[in-house]
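Peer 1: Got a predicted structure plus its sequence, pasted below:
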Amino acid sequence: MEFNFQFDWQAAIDSLPFLLKGLPYTLLISFAGLAIGFVIGIVFGLMRIGPSRWIRWPAVVYVEVFRGTPVLVQVLFIFYGLPTLLGGPIDALTAGIAAIALNAGAYISEIVRGGVQSIERGQREAGLSLGLSPPQTFRYVIWPQALRRMIPALGNQGIVSIKDTSLFSVIGVGELVRQGQVYIANTFTALEVYFMIALLYLAITLSLSLALSLLERKGLLG
């Protein structure tokens, strides 16, 4: 059998304007979800190392539930299941942001817990010996060092969450993959379109990695 298929670069380029219409949705879901997830992660990460089991156990349950179930199942539950419980619809964009926030928050909470616990006990004792209160010691001594150590793991989680948005085409969010599916249905250029989608995701994740590396080198985080 002779295989004569040739990659159509012009078709790939022609698809770009249509695909870029989905880029704002991808970025909005990714970064809004990650911002909320970072706050959730800090709260539950600190709860995980709390002094009381009544504080720790709710955080344990949250983390295990959202780390132990696929993000696709989570967004389907939020979009299709929660409206039944709440008695009202949830729009696809909100469901996507919520899924990224809750999923990323579970992973970030473990990053926060590990980062804080990695700081030597002597650092806390040094802060207290200088007359700082326990909250001040955490804020000015422990947290800046822990955050600096968390940056690589936080960057990795950011990349994972950005890629997870590609799953949300199943609920009709008009992000990159959804735009690509619509375009392919009219042009039958699946290889070229998915190639361009992959390049766009690669551009986003590489930009995030470079930005975090720059911030880390400049000492602007932590």
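Peer 2: On my side now, so go ahead.
Peer 1: Packing partners of the longest helix along the chain?
Peer 2: Secondary structure assigned by DSSP state H gives helix 190-218 as the longest helix of the chain. Using 3 or more C-beta pairs under 8 Å, 6 or more residues apart in numbering; DSSP states H and E, the elements in contact with helix 190-218 are helix 9-20, helix 23-48, helix 143-164, helix 176-187. Glycine gets a C-beta too; all of them are placed from N, C-alpha and C.
Peer 1: Show me the shaky parts of the protein.
Peer 2: Under the criterion pLDDT under 70, the flagged ranges of the chain are 1-5, 218-222.
Peer 1: Quick check: closest non-adjacent residue to the residue nearest to the spatial centre of it.
Peer 2: Central residue of the chain (C-alpha atoms, centre = their mean): S161, 3.1 Å from the mean position. Distances taken as C-beta to C-beta, 6 or more residues apart in numbering place A104 nearest to S161, at 4.7 Å, with adjacent residues excluded.
Peer 1: I'd say that neighbour and A32 touch.
Peer 2: No. If you go by C-beta atoms under 8 Å, A104 and A32 don't touch, sitting 10.9 Å apart.
Peer 1: which residues does the residue nearest to S161 contact?
Peer 2: Contacts for A104 (C-beta atoms under 8 Å, 6 or more residues apart in numbering) come out as G33, L34, G37, F38, I40, G41, Q157, G158, V160, S161.
Peer 1: Please apply the same query to P152.
Peer 2: Contacts of P152 by C-beta under 8 Å, 6+ apart are L212, E216.
Peer 1: From the opening residue of stretch 13-27 to its closing one, how far?
Peer 2: With C-alpha to C-alpha, to the nearest Å as the measure, the ends of stretch 13-27 fall 21 Å from one another.
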